[in-house]
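# Predicted structure and sequence below. I'll ask about it afterward.
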Amino acid sequence: MALLAAGPPAPTPAAPRRPVRRALKYLVAIGSVCAVATVGVVVGLNRLSGGGPVTERCTAELDGSDWFLSPDQADNAALVAGTAVARGLPARATTIGLATALQESKLINIDHGDRDSVGLFQQRPSQGWGTAEQIMDPVYSTNAFYDVLVKVEGYEDMAVTDAAQTVQRSAYPQAYAQHEMRSRAWASALTGNSRGVLSCELGPVADADQKAPDAARDVVAGRLGRDLGLAPATAQADTSRQDPASSTVTVDATPLSPDDPERGAWATAQWAVATAQATQAVEVRVSDQVWLRDEAGWLPADSRLAPGEVRITVDVAE
């Protein structure tokens, strides 16, 4: 019987190329160091140039976690929350409103969407929410959302995604849940239930963007009325900062929470930080704390304001 020919012997594994592997490790290590150094140089140069943060952003902290929004998103969040506070709605309503707007539009007032949907909440004219022009007004669309939400029986005890879906009737009913924690953090800050937890990292106000004192105060006063239904108590040059290129608006926030003036004050103060990009605010004072744009955070103030009082200082043209 003929024996079958054996196949070729299996090749002997080559010995590992240690020098090559070491070289690769060194290259990876060097690359990592260079990447870190590059980031450090960019950040360092940015700080030295005085141009403000590389990425402007706003933060709300809750239970040890930071939840970020862009300044534009924070500005719209301030409206959604402020509207709920002005209407006397609970913080839960704000959480539901923010989660809905985050899912529907990423909290940006867009003029397009699925079929004829537009605006912060992607409401559809064909579904009876109003005209496209009306819905593109964020004040109108926010109030329209809450008008329906408050008619949902027991919405305060419902899961966020269920409450939002009852109002919106979305094709993706579970999508709202993913935004709950971020919305809770921002709702807690903007309703004054969490204090000193909302801040924004913003660049300095450009000289070309600075307004005359009266015009700058009018911007703050207009937003206070639009978002919170508050009118400034006083509006005048700020002598405490010894800065002729600034002006301060003083607000009595007590009407927002008559039984707890400090909560109304913190709601207003953190609203003022969230809208600082639009209003050009550089300092916000409440209670015994002060938020400084240059520091991007809250610090102890040199004096305590009266309960319910808030002072918003804006840069103005000299």
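Happy to help now that I have it. Being a predicted model, the structure only gives us computed values, none of them experimental.
# Nearest spatial neighbour of residue 190, chain-adjacent residues omitted?
Excluding its sequence neighbours, the residue lying closest to residue 190 (Cβ to Cβ, 6 or more residues apart in numbering) is residue 81, at 3.4 Å. Any C-beta I mention is one placed from the backbone N, CA and C, and that applies to glycine too.
# List the contacts of the one you found.
Residues near residue 81 by Cβ atoms under 8 Å, 6 or more residues apart in numbering: 94, 97, 98, 186, 187, 190, 191, 267, 271.
# got those as JSON lines, with distance to residue 296, neighbour count and secondary structure columns?
Formatted as JSON lines, those follow (distance: Cβ to Cβ, whole Å; neighbours: other Cβ atoms under 10 Å; DSSP: H, G, I helix; E, B strand; the rest coil):
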{"residue": "94", "distance to residue 296": "24", "neighbour count": "28", "secondary structure": "helix"}
{"residue": "97", "distance to residue 296": "26", "neighbour count": "28", "secondary structure": "helix"}
{"residue": "98", "distance to residue 296": "22", "neighbour count": "29", "secondary structure": "helix"}
{"residue": "186", "distance to residue 296": "17", "neighbour count": "34", "secondary structure": "helix"}
{"residue": "187", "distance to residue 296": "22", "neighbour count": "29", "secondary structure": "helix"}
{"residue": "190", "distance to residue 296": "18", "neighbour count": "31", "secondary structure": "helix"}
{"residue": "191", "distance to residue 296": "22", "neighbour count": "27", "secondary structure": "coil"}
{"residue": "267", "distance to residue 296": "20", "neighbour count": "29", "secondary structure": "helix"}
{"residue": "271", "distance to residue 296": "17", "neighbour count": "34", "secondary structure": "helix"}
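# which one of the residues you listed sits closest to residue 216?
residue 271 (17.3 Å; Cβ to Cβ).
# Looks like residue 315 contacts residue 283 (just checking).
No - in this structure, residue 315 is not within contact of residue 283 by Cβ atoms under 8 Å, at 9.5 Å.
# okay, and the common contacts of the two?
By Cβ under 8 Å, 6+ apart, the residues touching both residue 315 and residue 283 are residue 246.
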